[in-house]
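1. Turn this into a model:
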Amino acid sequence: MFNTIKNALKTPDVRRRLLFTLLLIIVFRLGCFISVPGIDPSQLKPNETDGIKGLINLLTGGAFTRLSVFAMSITPYITASIVIQLLGMVIPSLEKLTKEGGELERAKINRYTKILTLFLSLAEGVGIYLMYKPVFINPGFLTGFLVVLSFMTGTAILMWLGEQITSKGIGNGISMIIFVGIVAGLGNGAKSLYNTVFGTAFDTKNLLLVLGIIVGVLLLVAAVVFVQQAERRIPVQYSKKVVGRKMVGGQNTHIPLKLAMAGVMPIIFASSFMTFPAMVIQLINPNIVTQTTGIQNFWRIVYNTSIATSSSDVSMKYTVVNAIIYVLLIVGFTFFYTYATFNPAEISSSIKKNGGFIPGIRTGKSTTEYLSSVITKLTIFGGFFLAMIAIIPMLFSHIPQLASIAFGGTSILIVVGVALETVQQLESQVAMKHYKGFLE
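-> Predicted coordinates for the structure are as follows:
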């Protein structure tokens with residue numbers, strides 16, 4: 001990795017891309033501290049980490065609880081992208097645009113996604129305003145209009161920043177914005193661990209707990225790297241054939257299938273789907289928000305019940321339900337994204353056209369079924385692996401010392417996944433520039 005970064009800095013064009021990306025990241029972080037108009041700062045809780053609010057704050061780099069112009073982050077755009085892809089499976093005209101994949105078709109899909117993003121950001125912006133209405137000095141129609149407009153403008157700016165990072169920077173613009181937001185919160189996490197041990201008085205038990213957390217994080221990082229880099233290689237043989245006066249073919253190669261082919265995208269998709277409904281609920285019934293905790297509000301909204309049990313019981317029920325929903329979303333999006341990017345029928349057809357075959361498997365339908373079977377097994381393992389790492393830290397959130405890192409698994413998966421993808425992008429860009437220089 002360090003050699004890749006070193007080589008990237010030595011290559012002028014890649015170095016410019018890195019500096020351009022860094023500049024846009026600075027713009028993003030500055031925007032996270034610019035609050036929307038009309039706020040009473042004394043009413044804000046910038047370190048709020050409970051329930052859904054904690055997850056949203058994690059993905060926005062602290063912008064959500066500051067009610068900055070980037071409070072919604074890029075989640076409306078991600079949600080819109082998912083909806084457009086799902087609609088592409090049921091609407092023939094949209095499916096045609098998706099399958100053709102030309103420059104014009106991609107531009108149309110991108111335009112539809114942006115239009116839907118505006119509507120989703122409008123709904124989410126109104127939901128946030130209604131949720132935090134008491135923190136505004138003069139709540140009313142004009143204030144609400146300015147606040148929602150500020151939120152929508154912030155999301156539009158982040159869409160533009162993501163596109164610029166993708167086209168003129170180092171790539172993965174949307175993932176990079178979420179990555180930076182999470183990394184920005186690592187300082188608060190380290191501070192929380194430090195206070196756990198040395199806050200009031202030195203505590204040996206807390207020190208052992210913190211050391212256990214550090215070892216656990218390192219093991220999680222190693223596991224994520226291993227699974228992200230692991231691959232199943234399907235052998236393919238090509239028979240010899242005569243082309244003109246030459247004998248070609250006869251090669252042995254393989255199809256590399258990643259164990260986690262979808263990468264970190266299922267986590268980002270699932271996180272977006274977990275946060276968006278909570279905002280819309282506030283739009284439908286703003287009176288549901290009281291001075292109770294976020295966990296109690298969410299429990300009351302979802303199950304329409306009164307909070308008759310103790311806060312710890314409600315919190316535990318919320319965590320279990322939240323974990324189940326999160327697992328189902330992650331596994332579902334893993335399958336969705338994998339089959340959206342890898343089509344066994346197309347791969348089988350390509351192998352057959354080029355005179356190839358998988359040893360022991362007949363070409364055509366048998367090859368398609370074999371590839372589908374392998375992909376399904378890999379996706380099941382990869383999906384549940386991602387889900388387990390994402391929810392295990394959530395289940396420890398009832399330990400007071402660990403409450404501030406309730407969503408640590410999600411953080412690790414996104415940070416490590418995006419870091420690996422970024423390194424691969426840099427490697428490909430450096431290699432491309434070297435090839436270009438050789439040819440010139």
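2. what residue ranges in the stretch 1-150 of the chain score low on pLDDT?
-> Residue ranges of the stretch 1-150 of the chain with pLDDT under 70: 1-2, 45-55, 100-101.
3. Run through the helices of it in chain order.
-> Using DSSP state H, counting those that start in this stretch, the helices of the stretch 1-150 of the chain run over 2-10, 12-31, 51-59, 63-66, 75-87, 92-100, 103-131, 141-168.
4. Ok, which of those comes nearest S411?
-> helix 51-59 (6.4 Å; CB to CB). Just so you know, the C-beta spots here come from the backbone N, C-alpha and C atoms, and that holds for glycine as well.
5. Compute the number of surrounding residues for I82.
-> 21 (other CB atoms under 10 Å).
6. And K191, by the same measure?
-> Residues near K191, counting by other CB under 10 Å: 11.
7. Work out for me the element it sits within.
-> In this structure, K191 is located in helix 186-198 according to DSSP states H and E.
8. name the helices or strands packed onto the helix or strand that comes right after that helix?
-> As assigned by DSSP H and E, the chain's next helix or strand after helix 186-198 is helix 204-229. Judged by 3 or more CB pairs under 8 Å, 6 or more residues apart in numbering; DSSP states H and E, helix 204-229 is in contact with helix 186-198, helix 365-395, helix 408-439.
9. Just want the most central residue of the chain.
-> I268 (2.1 Å; CA atoms, centre = their mean).
10. What does that one show for phi and psi?
-> The phi/psi pair for I268 (degrees, to the nearest 10) reads phi -70, psi -40.
11. list the contacts for it?
-> For I268, the contact set (CB atoms under 8 Å, 6 or more residues apart in numbering) comprises 78, 174-175, 178, 414.
12. ok, now with 10 Å
-> 59, 74-75, 78, 82, 174-175, 178-179, 333, 337, 410, 413-414, 417-418 (CB atoms under 10 Å, 6 or more residues apart in numbering).
13. Pull the most distant pair out of the residues you listed.
-> I82 and F179 (19.0 Å).
14. Need the contact partners of stretch 32-40.
-> 41, 44, 60-64, 66-71, 73, 125, 128-129, 132, 134-140, 142-144, 146-151, 153-154, 180-181, 184.
15. again, only this time at 8 Å
-> Taking CB under 8 Å, 6+ apart as the rule, stretch 32-40 contacts 41, 60-63, 66-71, 135-139, 143, 146-147, 150-151, 181, 184.
16. Serialize the helices of the stretch 1-150 of the chain to TSV and add fields for distance to V221.
-> Putting the helices of the stretch 1-150 of the chain into TSV (distance: least, CB to CB, whole Å) gives the following:
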stretch	distance to V221
helix 2-10	16
helix 12-31	22
helix 51-59	17
helix 63-66	26
helix 75-87	24
helix 92-100	35
helix 103-131	32
helix 141-168	24
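17. Name the stretch from those that approaches T376 most closely.
-> It's helix 75-87; of these, that one is closest to T376 (CB to CB) at 19.8 Å.
18. coming back round to it: out of the helices of the stretch 1-150 of the chain, nearest to I358?
-> Judging the helices of the stretch 1-150 of the chain by CB to CB, what sits closest to I358 is helix 92-100, at 25.3 Å.
19. Give me the packing partners of the closest one, helices and strands only.
-> Under the contact rule (3+ CB pairs under 8 Å, 6+ apart), helix 92-100 is packed against helix 75-87, helix 103-131.
20. Report the angle between it and helix 103-131.
-> 120 degrees (axes from the mean of the first three to the mean of the last three CA atoms, to 10 degrees).
21. where does helix 92-100 sit relative to the chain's centre, distance-wise?
-> From the chain centre to the centre of helix 92-100 is a distance of 25 Å (CA atoms, centre = their mean, to the nearest Å).
22. Can you pull out the residues in contact with it?
-> Outside helix 92-100, the residues that touch it by CB under 8 Å, 6+ apart are 84-85, 87-89, 105, 108-109, 112.
23. which one among the residues you listed gets closest to I391?
-> Among the contacts of helix 92-100, and counting by CB to CB, the member closest to I391 is Q85, at 24.6 Å.
24. Contacts only, for that closest one.
-> 98, 336, 340.
25. May I see the PyMOL selection of the buried members of these?
-> Command for PyMOL that selects the buried part of those, burial taken from 16 or more other CB atoms under 10 Å:
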select buried, resi 98+336
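26. Pick the one among the contacts of Q85 closest to G364.
-> Out of the contacts of Q85, the member with the shortest distance to G364 (by CB to CB) is A340, at 23.2 Å.
27. Which members of the contacts of stretch 32-40 are classed as buried?
-> 60-63, 66-71, 135-136, 139, 143, 147, 150-151, 181, 184.
28. Report the contact partners of V180.
-> 25, 28-29, 61.
29. Kindly reformat the residues you listed as CSV containing distance to T253.
-> As requested, the contacts of V180 are exported to CSV (distance: CB to CB, whole Å):
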residue, distance to T253
I25, 39
F28, 42
R29, 45
G61, 43
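30. quick check, nearest of the residues you listed to G360?
-> Distances from G360 to those, taken by CB to CB, are shortest for I25, at 49.8 Å.
31. re earlier: can I get the contacts of Q85 in CSV with distance to L209?
-> Below are these laid out as CSV (distance: CB to CB, whole Å):
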residue, distance to L209
T98, 49
F336, 38
A340, 42
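32. about what we covered before: I380 is nearest to which of the helices and strands packed on helix 92-100?
-> Nearest of these to I380, taken as CB to CB: helix 75-87 at 20.8 Å.
33. Export that closest one to PDB, keeping only CA atoms.
-> Output of helix 75-87 as PDB, limited to C-alpha atoms (Å, rounded to 0.1, in the frame of the first residue of the first chain):
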ATOM      1  CA  THR A  75     -27.800   9.200   1.700                       C
ATOM      2  CA  PRO A  76     -30.700  10.600  -0.400                       C
ATOM      3  CA  TYR A  77     -28.700  10.000  -3.500                       C
ATOM      4  CA  ILE A  78     -27.700   6.500  -2.500                       C
ATOM      5  CA  THR A  79     -31.400   5.700  -1.700                       C
ATOM      6  CA  ALA A  80     -32.400   7.100  -5.100                       C
ATOM      7  CA  SER A  81     -29.800   5.000  -6.900                       C
ATOM      8  CA  ILE A  82     -31.200   1.900  -5.200                       C
ATOM      9  CA  VAL A  83     -34.800   2.800  -6.100                       C
ATOM     10  CA  ILE A  84     -33.800   3.400  -9.700                       C
ATOM     11  CA  GLN A  85     -32.000   0.100 -10.000                       C
ATOM     12  CA  LEU A  86     -35.000  -1.700  -8.500                       C
ATOM     13  CA  LEU A  87     -37.400   0.100 -10.800                       C
END
